[in-house]
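J.: Generate a structure from the sequence data that follows.
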Amino acid sequence: MRELWVEKYRPTNLKDYVFRDDKQRNQVSNWVKSGAIPHLLFSGGAGTGKTTLAKVLLNELNVDGGDIMLINASNENNVDTMRTKINGFASSFPFSGDFKYVLLDEADYLSQNAQAILRNMMETFANTCRFILTCNYPNKVIPAIHSRCQGYHIEKLDQTEFTVRVATILLSEETKFVPEDLDIYVKSTYPDLRKCINMVQQNVVDGGLQQPGMGESGESDWILEYVALFQLGKIAEARKLIVAKARAEEYEGVFRKLYENLDWFGDDDITKGKALLCIRDGIVNHGVVVDPEINLSATLLELQYIKQ
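T.: So this is what the prediction gives:
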């Protein structure tokens, strides 16, 4: 079985981790130098490196594996998990060092009751256990937890740096690729680096990265295909594909992708401005119209006219 690139190339130390600015790098370095951390809340979009940074931090602190509990709250998010699994771990003394550590991924999936219990445990076991939480949506985490954690927001990578990271992996794997094809994979997944690396690996055949839309990676292929169509200026075809393939819960993602790629509709600022206002109106209407599919289709049609 092939090793997943996303794990193979996951940074394991501060030297390899890509910080967004020196201030954040210095802050993490100071935690490592002091040998201690407060309760932490890492926030940021999917695939931006929150969990990776948490694991890098624990690795740099030389924490014994027996003193670390990893929980994904998107799967274990109820009160029972808090009361039994985490409570039992946090209440015992560490095997080595001063603290045990609970890495709670996707903490914004925890129910309100589960978060209330977590808050109490953070106080009760403050002398023997540290909690590192990650979340995509910090507004879904109750204020009482925010007040007990040091917040640390991770911004998305610049798209150029994002592309360089993926290209570097392809070169390391001696995989042939066409830059224009890689650009489509990047635009289809940005800013989720994990998703991009996984999608690229799925579409490598016989030592080469396949042209987008030619692979067998399933439901994600239509996203690659519509991005490729937009890149080619074939907006009418892209519109038909999106309306045919996109599920209702994916519409907001389509609007976001349109917003991130205003150059699909024109090179000058005036045309991009018109496209932006059109997308804005589509998003505003999305939450109130009776039929969101018609709204999305109409928005894409207006963008087609702007392009012309």
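
J.: Every contact and neighbour count from this point should use C-alpha atoms.
T.: OK.

J.: Show me the shaky parts of the stretch 101-250 of the chain.
T.: Along the stretch 101-250 of the chain, segments meeting pLDDT under 70 span 213-220.

J.: mind listing what the nearest residue to Thr299 once chain neighbours are set aside touches?
T.: Nearest residue to Thr299 in three dimensions, chain neighbours excluded: Gly282, at 5.7 Å (Cα to Cα, 6 or more residues apart in numbering). Residues near Gly282 by Cα atoms under 8 Å, 6 or more residues apart in numbering: Phe255, Asn295, Leu296, Thr299.

J.: Quick check: the gap between Phe230 and Ser147.
T.: For Phe230, the distance to Ser147 equals 45 Å [Cα to Cα, to the nearest Å].

J.: Between these two, which has more neighbouring residues?
T.: Between Phe230 and Ser147, Phe230 has the larger neighbour count (other Cα atoms under 10 Å), namely 20 against 11.

J.: Surely the more buried one and Ala238 touch.
T.: Yes - in this structure, Phe230 is within contact of Ala238 by Cα atoms under 8 Å, at 6.4 Å.

J.: Quick check: closest non-adjacent residue to the residue nearest to the spatial centre of the chain.
T.: When Cα atoms, centre = their mean is applied to the chain, the residue found nearest the centroid is Ala46 (1.3 Å). Closest residue in space to Ala46, ignoring its immediate chain neighbours: Asp192 at 5.6 Å, by Cα to Cα, 6+ apart.

J.: roughly how far apart are the one you found and Ile154?
T.: Counting by Cα to Cα, the gap from Asp192 to Ile154 is 12 Å.

J.: Give the residues shared as contacts by those two.
T.: Gly45, Thr48.

J.: mind listing what's buried in stretch 231-247?
T.: Gln231, Gly233, Lys234, Ile235, Ala238, Arg239, Leu241, Ile242, Val243, Ala246 (16 or more other Cα atoms under 10 Å).

J.: now swap in stretch 55-72 and tell me
T.: Buried residues in stretch 55-72, counted by 16+ other Cα under 10 Å: 55-61, 63-64, 67-69, 71-72.
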